[in-house]
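**Student:** below are the sequence and a predicted model for it; my questions follow.
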Protein chains: 2
Amino acid sequence: MKELQAYIRREGVVLSEHVLKVNSFLNHQVNPSLVMSIGENFAARFRGEDITKVMTVEASGIHFAFATALSMGVPFIYAKKTKAITQDNGVYTASTYSFTRQQTYQITVSKDFLSSADRVLIIDDILAEGASVKGLREIIDAAGAKLMGVGVVIEKSFQSGRKSLDEAGIPVHALARIAAMSPDEGITFLED
Amino acid sequence: MKELQAYIRREGVVLSEHVLKVNSFLNHQVNPSLVMSIGENFAARFRGEDITKVMTVEASGIHFAFATALSMGVPFIYAKKTKAITQDNGVYTASTYSFTRQQTYQITVSKDFLSSADRVLIIDDILAEGASVKGLREIIDAAGAKLMGVGVVIEKSFQSGRKSLDEAGIPVHALARIAAMSPDEGITFLED
């Protein structure tokens, strides 16, 4: 998505070879019309798949999941992050590791909102090692639902998340694929 | 907002005189077209105020802030919740108490995104004791920005949040005002 790549070049800050700051327009201050275009792009890519639910993890995936779900005319679910290790019979749970925060979270989704009849599209802001997507996949599997694809706004293609999904045969649509980045050299995009 | 009140009557679950569960359509599974109507309603109410930024707190305010900001054509900011007591010169911080989680959080907003030129509209999902709004007001004050109003999806009018805002002379627009509720008697709405 050219508009997004232009934004990232103009407003993104490369802090290291692994850390890209996009908090002026994507995940702290947010440009809503850009996010709406992102959602429409995901919706167009997966419109043929009879998606019944969009899923993401709180908090930074919520506005992208909302924009996508609005465009597709289906509900979305955001998994809740909890640090407490509570067992509740009414929820599906999975563990996910945050590299940014160096912390393991449990994510939970109420059993009321996901069933074997669902065809799910996962939406997330950043795909790096793929920890959030892995947690959501466990929940989708536990519900007997079908994962139809994954849409990510920014993919750090040099980390392992994309490769794992490709190997599992899951369709991935990434709007900005970063082949490499550094504070000195800037960002090199792959074309998707 | 009649459509919202009808949803709350149909799908809301009154767990006690203080706790209303709306997680099938507002804050876990989300109905995107309803949320978009909510955002358009807030935008219409505050359109004359030359709002420059919409603000909320992660996570459950994000989709409402996004829908409102999209309708108004301005950016939104979501304050981050952290439990760590970090001092960072680059952020405004405030403490806020979550009654649901019985826990004090720090909320933070980068100084890059809020200035004395800003005219701010706060959007949140639920107004009860007003703890989140209080934290956001501290941040807006610290930035020298101007708070133009507060939009909340559900107000529990029998708790103190609305009264505090009325006393401070801050315009509040609540889409569903709950005068009283109980598992046996159901919900009584005030008209706004």
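**Tutor:** Now that the structure is in, tell me what you want to look at.

**Student:** show me what from chain A comes close to chain B.
**Tutor:** A:23-25, A:28-33, A:35-36, A:58-59, A:62-63, A:66-67, A:69-70, A:73-78, A:80, A:109-110, A:112-113 (Cβ under 8 Å from any Cβ of the partner chain). In short, each C-beta sits where N, CA and C put it, glycine included.

**Student:** please check those and keep the buried ones.
**Tutor:** By neighbour count, with 16 or more other Cβ atoms under 10 Å in any protein chain shown, the residues of chain A next to chain B hold A:23-25, A:28-32, A:35-36, A:58-59, A:62-63, A:66-67, A:69-70, A:74-78, A:80, A:109-110, A:113 as buried.

**Student:** which other residues reach stretch A:3-22?
**Tutor:** The contact list for stretch A:3-22, computed with Cβ atoms under 8 Å, 6 or more residues apart in numbering or on different chains, reads A:24-25, A:31, A:34, A:37-38, A:128, A:153-154, A:156, A:159, A:175-176, A:178, A:180-183, A:186-187, A:189.

**Student:** only the buried subset of the residues you listed, as a PyMOL command please.
**Tutor:** Burial among those is assessed by 16+ other Cβ under 10 Å; the matching PyMOL selection reads:
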select buried, chain A and resi 24+25+31+34+37+38+128+153+154+156+159+175+176+178+181+187+189
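
**Student:** from the contacts of stretch A:3-22, which ones fall inside strands?
**Tutor:** A:153-154, A:156, A:175-176, A:178, A:180-182, A:186-187, A:189 (DSSP state E).

**Student:** number of nearby residues for residue A:121?
**Tutor:** Neighbour count of residue A:121, defined by other Cβ atoms under 10 Å in any protein chain shown: 28.

**Student:** which strand residues bridge it?
**Tutor:** residue A:54, residue A:149 (DSSP bridges).

**Student:** what's near enough to touch the residue nearest the centre of chain A?
**Tutor:** When Cα atoms, centre = their mean is applied to chain A, the residue found nearest the centroid is residue A:124 (1.3 Å). Applying Cβ under 8 Å, 6+ apart to residue A:124 gives the contacts A:56-57, A:61, A:64, A:132-133, A:150-153.

**Student:** out of those residues, which are inside helices?
**Tutor:** A:64, A:132-133 (DSSP state H).

**Student:** could I get these as JSON lines with neighbour count and pLDDT?
**Tutor:** Converted to JSON lines, the ones in helices among the contacts of residue A:124 look like this (neighbours: other Cβ atoms under 10 Å in any protein chain shown; pLDDT from 0 to 100):
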{"residue": "A:64", "neighbour count": "28", "pLDDT": "98"}
{"residue": "A:132", "neighbour count": "28", "pLDDT": "95"}
{"residue": "A:133", "neighbour count": "26", "pLDDT": "97"}
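
**Student:** which one of the residues you listed is nearest to chain B?
**Tutor:** Nearest to chain B among the ones in helices among the contacts of residue A:124 is residue A:64, at 9.5 Å by Cβ to the nearest Cβ.

**Student:** for the closest one, which non-adjacent residue is spatially closest?
**Tutor:** Leaving aside its chain neighbours, residue A:64 sits nearest to residue A:123 (5.1 Å; criterion: Cβ to Cβ, 6 or more residues apart in numbering or on different chains).

**Student:** please apply the same query to residue A:51.
**Tutor:** Going by Cβ to Cβ, 6+ apart, residue A:51 has residue A:121 as its nearest residue, at 4.6 Å.

**Student:** can you list the ones in strands among the contacts of stretch A:3-22 in CSV and add pLDDT?
**Tutor:** Shown next, in CSV, are the ones in strands among the contacts of stretch A:3-22 (pLDDT from 0 to 100):
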residue, pLDDT
A:153, 98
A:154, 98
A:156, 97
A:175, 98
A:176, 98
A:178, 98
A:180, 97
A:181, 97
A:182, 97
A:186, 95
A:187, 97
A:189, 97
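
**Student:** give me the residues contacting the helix of greatest length in chain A.
**Tutor:** Taking DSSP H as the criterion, chain A has its longest helix at helix A:32-46. Helix A:32-46 is contacted from outside by A:1, A:3-4, A:7, A:25-26, A:63-64, A:66-72, A:121, A:123, A:148-149, A:151, A:153, A:173, A:175, B:66, B:69-70, B:73-76, using Cβ under 8 Å, 6+ apart.

**Student:** at 6 Å instead, please
**Tutor:** Helix A:32-46 is contacted from outside by A:1, A:63-64, A:67-68, A:71-72, A:121, A:149, A:151, A:153, A:173, B:66, B:69-70, using Cβ atoms under 6 Å, 6 or more residues apart in numbering or on different chains.

**Student:** got the angle between it and helix B:32-46?
**Tutor:** Per axes from the mean of the first three to the mean of the last three Cα atoms, to 10 degrees, the angle that helix A:32-46 makes with helix B:32-46 is 160 degrees.

**Student:** so where's chain A shaky on pLDDT?
**Tutor:** Across chain A, the ranges flagged by pLDDT under 70 are A:83-89, A:192.

**Student:** doesn't residue A:96 belong to a helix?
**Tutor:** No. Applying DSSP: H, G, I helix; E, B strand; the rest coil, one finds residue A:96 to be strand, outside a helix.

**Student:** contacting residues around the closest residue to it other than its chain neighbours?
**Tutor:** Among residues not flanking residue A:96 along the chain, residue A:135 sits closest, at 3.6 Å (Cβ to Cβ, 6+ apart). Residues near residue A:135 by Cβ under 6 Å, 6+ apart: A:94, A:96, A:107.
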